[in-house]
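Engineer: How does the following fold in three dimensions:
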Amino acid sequence: MVFIYDAFAGFERAFNCSCVTGLGCTYLLTGLTGNGTWNINNVPTDNNKAITLTFIVQQDATPYSGSQYQINSSNITVKWVDNEIPTGSANNVDVIGLTAFRVGSSWNVLGSLSTFGQ
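Structural biologist: Got it, this is the predicted structure:
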């Protein structure tokens with residue numbers, strides 16, 4: 001497995017993904033100061049392949065997450081568990097998981113959020 005850990009002080013919007021299709025990238029995010037567009041760059045665009053993107057978010061008193069997601073600077077629609085866009089959980093650790101698979105030159109993305117105690 002390939003893991004990329006990026007710890008951010010403040011809010012960052014672009015993440016570079018240098019991993020092999022079928023494996024994935026993991027990001028550790030701390031000190032977020034707002035919601036925003038999370039863009040994952042350098043994702044391979046081979047058809048009939050999948051990639052897993054995991055964001056581990058250490059939340060403070062005010063939780064934040066991505067309000068829009070992009071792959072290679074193109075907006076994607078995430079199909080969330082139970083069709084509900086998740087929000088973060090204050091003072092906990094949230095894990096946002098995205099599984100992106102490419103079929104017919106377009107992205108299909110499934111998303112989930114799990115919350116863990118401090």
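
Engineer: Quick check: which ranges of the chain have low pLDDT?
Structural biologist: 1-23 (pLDDT under 70).

Engineer: Paired strands for the strand or helix carrying residue 79, with orientation please.
Structural biologist: Secondary structure assigned from DSSP states H and E places residue 79 in strand 78-80. Note on strand 78-80: by DSSP bridges, its sheet partners are strand 106-116 (parallel).

Engineer: Next, the buried residues of the strand it pairs with.
Structural biologist: 107, 109, 111, 113 (16 or more other Cβ atoms under 10 Å). For every residue, glycine as well, the C-beta is placed using N, CA and C.

Engineer: now the third one, nearest residue through space, not along the chain?
Structural biologist: If I follow you right, that is residue 111. Excluding its sequence neighbours, the residue lying closest to residue 111 (Cβ to Cβ, 6 or more residues apart in numbering) is residue 78, at 4.1 Å.

Engineer: Residue 43 versus the residue nearest to residue 52 when sequence neighbours are not counted, what's the distance?
Structural biologist: Excluding the flanking residues, the one nearest residue 52 by Cβ to Cβ, 6+ apart is residue 24, at 3.5 Å. Distance, residue 24 to residue 43, using Cβ to Cβ, to the nearest Å: 10 Å.
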